[in-house]
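Peer 1: here you go, sequence then predicted model.
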Amino acid sequence: MASAVIQRVICLCNYLQDPYHVARFQQRCGVKGTFPRKSPETEKEAGELELSPNGACMRRGQEEGEQGVKGPQLRKSANTSVRKSENIHGSPNGAAAVSSTDTPDGESAEPTKSSSGLSDAPKQISSSTGGKKGDSRGRVKPLRKNSLTGDIGQEFIIENKFLFYLFTVGTELGNEMFFIVFFPFLMWNVDAYVTRQVIVVWVWVLFFGQSTKDLVGWTRPASPPVVKVEVFYNFEYSMPSVHAMTGTSVPFCLFLLTYNRWEYPFLFGLSVAICWSFLVCISRIYMGMHSVLEVIVGFLYSLLILAAFHPVLDVIDTFYLSSSSAPLVILLLHVGLALVAFSLDSWSTSRGDTAQALATGAGGALACHLNHQLGLQPDPPLSSLPLKLPVIDRALLGRSLLRLLVGVTVLLAVRAVMKAVAIPLACRLFGVPSDDVRKARQNANVELTYRFLVYGTVAFCCVFLVPLFFDYLNLS
């Protein structure tokens, strides 16, 4: 009985992992790839190669010889084989390059039977036509280059621009850059108490999510059939979806922390959290970055982490603010977690993003401790709870936007100065040549030092120095 249930679960997971579900969803949303149809000569040559789940080509013998190999070797073999075979299967972002032996204009790729037995796989447009009799309107490229290779991606066709922009916004709601603006806005204009605790959850969710990715080692959905609308994270592993994790944990944590603290309708707060989470999760499938299974696992994983941390957030916050040993514990904990994350896999944006989040958490926590010790930026007294939502008028909105504009300008200036200082300093400390910054940052010591110096300082300024600057400008 138990074995039958386990077998059913495995079959369901295999079904949800099928990339053809992603491709079919993309097609229904108006995303068309430009994969060329191969001639018999090209297919024979391509038969010597197999497509790895992230869209990179790997020779069968090489793949068989590397089963069980993790991290740097697997990524290196994938990258090498991509360069050798990009004219056969295309670039790793999922848009195939045009071969001289491709089918003439106007023909589409044949449906392919998926691993789950489905025979109605979505048809893709020939790369030489762009669909609709050579009409190039609606053709776009990914907005950002691949973080590892610098690949700008290839064209794909967007037939529904509303969904394209909607899901682009949705995927940004789970990006680190969004939170770099969102958290300061909450800190300066809404509630510092809530912001501190949400950042704690965000840091731990990113650490667990990115570390689990490197431990599991699943690559991105196969392309073709999936169209890679985004290529920035294409060479990272994909199980679970960290966008789905942050896009779920942050809004639900905000809801749990603010409902009894602020006066607003329960259904309103719950609806905002659900819509935020749903939009981020669906956007990752639309972008071709995750399978349905990876998004579901990311969603459930984040709820599990949130459930574990929510009961102790007040304890953590009190310790960070008032304990004399808090600064030492904060530094050791966040640097230690970064070292653990850096030991799991070779250089990638996932490792850098983890260190960036940990550095942000450490810098913010140290600044909050200093504020508390100096009696600056106190929380509202318990007697004033629950807090009432203010009337949003022009004066309030203008003042809030002005604080955000001034504060972010200061943070960007600090970031620029620290970036100019941190890389040469780290390279000198660890004896790494600094002429090629991209290559230098692939050194673990340089990258870790860079992230903590830059983003730890930015977070510290966000919480401690910028509010003092607001006082000076009479913007508090």
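Peer 2: Okay, I see it.

Peer 1: counting by contacts, list what the helix ranked longest in the chain packs against.
Peer 2: If you go by DSSP state H, the chain has its longest helix at helix 394-430. Secondary-structure packing of helix 394-430 (3 or more C-beta pairs under 8 Å, 6 or more residues apart in numbering; DSSP states H and E): helix 176-189, helix 437-440, helix 444-460, helix 466-473. Where you see a C-beta, it was placed from the backbone N, CA and C, and this is true even at glycine.

Peer 1: so where do the strands sit in the stretch 151-300 of the chain?
Peer 2: With DSSP state E, counting those that start in this stretch, the ranges of strands along the stretch 151-300 of the chain come out as 156-158, 262-263.

Peer 1: which of those strands sits most buried?
Peer 2: The highest average neighbour count among the strands of the stretch 151-300 of the chain, using mean count of other C-beta atoms under 10 Å, belongs to strand 156-158 at a mean of 23.

Peer 1: circling back to that earlier point, which of the strands of the stretch 151-300 of the chain comes out lowest on mean pLDDT?
Peer 2: For the strands of the stretch 151-300 of the chain, mean pLDDT drops lowest on strand 156-158, to a mean of 80.

Peer 1: okay, angle between the longest helix of the chain and helix 176-189 too, please.
Peer 2: Angle of helix 394-430 versus helix 176-189, following axes from the mean of the first three to the mean of the last three C-alpha atoms, to 10 degrees, is 130 degrees.

Peer 1: buried residues, helix 394-430. List them.
Peer 2: Within helix 394-430, the residues that qualify as buried are 400, 403, 406-408, 410-411, 414-415, 418, 422-423, 425-427, counting by 16 or more other C-beta atoms under 10 Å.

Peer 1: closest to F460 among these?
Peer 2: Nearest to F460 among the buried residues of helix 394-430 is V414, at 9.1 Å by C-beta to C-beta.

Peer 1: ok, which of the strands of the stretch 151-300 of the chain comes nearest R28?
Peer 2: The closest of those to R28 is strand 156-158. By C-beta to C-beta, the value is 13.2 Å.

Peer 1: quick check: mean pLDDT of stretch 293-304?
Peer 2: Averaging pLDDT along stretch 293-304 yields 94.

Peer 1: ditto for stretch 453-465
Peer 2: For stretch 453-465, the mean per-residue pLDDT is 93.

Peer 1: what comes into contact with it?
Peer 2: With contact meaning C-beta atoms under 8 Å, 6 or more residues apart in numbering, stretch 453-465 is reached by 183-184, 187, 192, 356, 359-364, 366-368, 370-371, 376, 407, 410-411, 414-415, 418-419, 421-422, 425-426.

Peer 1: rerun that using 7 Å as the cut-off
Peer 2: The contact list for stretch 453-465, computed with C-beta atoms under 7 Å, 6 or more residues apart in numbering, reads 184, 187, 356, 359-360, 362-364, 366-368, 370-371, 410-411, 414-415, 418-419, 422.

Peer 1: quick one on the thing from earlier: in a markdown table: the helices and strands packed on helix 394-430, plus distance to V280 and mean neighbour count.
Peer 2: Formatted as a markdown table, those follow (distance: least, C-beta to C-beta, whole Å; neighbours: other C-beta atoms under 10 Å):
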| stretch | distance to V280 | mean neighbour count |
| --- | --- | --- |
| helix 176-189 | 10 | 18 |
| helix 437-440 | 29 | 14 |
| helix 444-460 | 22 | 22 |
| helix 466-473 | 28 | 16 |
